[in-house]
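**Q** Got a predicted structure here, sequence first:
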Amino acid sequence: QLQLVESGGGLVQPGGSLRLSCAASGFTLDYYTIVWFRQAPGKEREEISCISSSDGSTYYADSVKGRFTISRDNAKNTVFLQMDSLKPEDTAQYYCAANRAYYCSSGFEVYEQDFWGQGTQVTVSS
């Protein structure tokens with residue numbers, strides 16, 4: 001079965017850190033560009049970060065730039081999202097997705113993704 005599985009979400013205080021994982025099952029992540037989206041209650045799903053399949057180049061939305069770091073470990077078939085200096089406005093359901101684009105884009109659409117994970121909840125609150 002081809003799927004992505006996220007883990008690492010949870011409850012953290014403002015200023016804290018979490019590391020999300022996105023593990024692939026049934027296919028090799030090497031050939032896919034991986035995108036992290038998030039969706040807060042009442043809001044649309046938004047792209048926040050991406051790492052390309054071609055050269056490992058990355059993209060960050062302005063809202064997370066300088067605080068989040070995306071990386072991939074092809075040997076583990078996993079992509080990570082290190083989230084530091086978390087803010088209450090980072091509270092959302094986080095999803096990873098995979099597509100066959102060569103490079104990242106700031107405008108990836110939900111419908112362009114080939115695979116989705118089930119999501120993991122991140123709550124930033126004191």
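**A** Now that the structure is in, tell me what you want to look at.
**Q** got a pLDDT number for the most centrally placed residue in the chain?
**A** Residue closest to the mean C-alpha point of the chain, counted by C-alpha atoms, centre = their mean, is Trp36 at 2.4 Å. The per-residue pLDDT reported for Trp36 equals 98.
**Q** May I have the beta-bridge partners of the residue nearest to Ile34 when sequence neighbours are not counted?
**A** In space, and not counting its chain neighbours, Ile34 is closest to Val79: 4.5 Å by C-beta to C-beta, 6 or more residues apart in numbering. All C-beta atoms are positioned from the backbone trio N, CA, C, and that covers glycine. Under DSSP bridges, the beta-bridge partners of Val79 are Cys22, Arg72.
**Q** Do I have it right that Val79 meets Gly56?
**A** No: in this structure Val79 lies outside contact range of Gly56 using C-beta atoms under 8 Å: 10.8 Å.
**Q** Give me the common contacts of those two.
**A** Arg72 (C-beta atoms under 8 Å, 6 or more residues apart in numbering).
**Q** Same drill for those two, tell me which one is more crowded.
**A** Val79 (28 against 12; other C-beta atoms under 10 Å).
**Q** quick one: the strands in the protein?
**A** Remark: strands assigned in the chain by DSSP state E are 3-7, 10-12, 18-25, 33-39, 46-51, 58-60, 68-73, 78-83, 92-99, 115-116, 120-124.
**Q** so of those, which one's packed in deepest?
**A** Neighbour counts (mean count of other C-beta atoms under 10 Å) averaged over each of those peak at strand 33-39, with a mean of 24.
**Q** Which elements pack onto it?
**A** On a contact count with 3 or more C-beta pairs under 8 Å, 6 or more residues apart in numbering; DSSP states H and E, strand 33-39 meets strand 18-25, strand 46-51, strand 68-73, strand 92-99.
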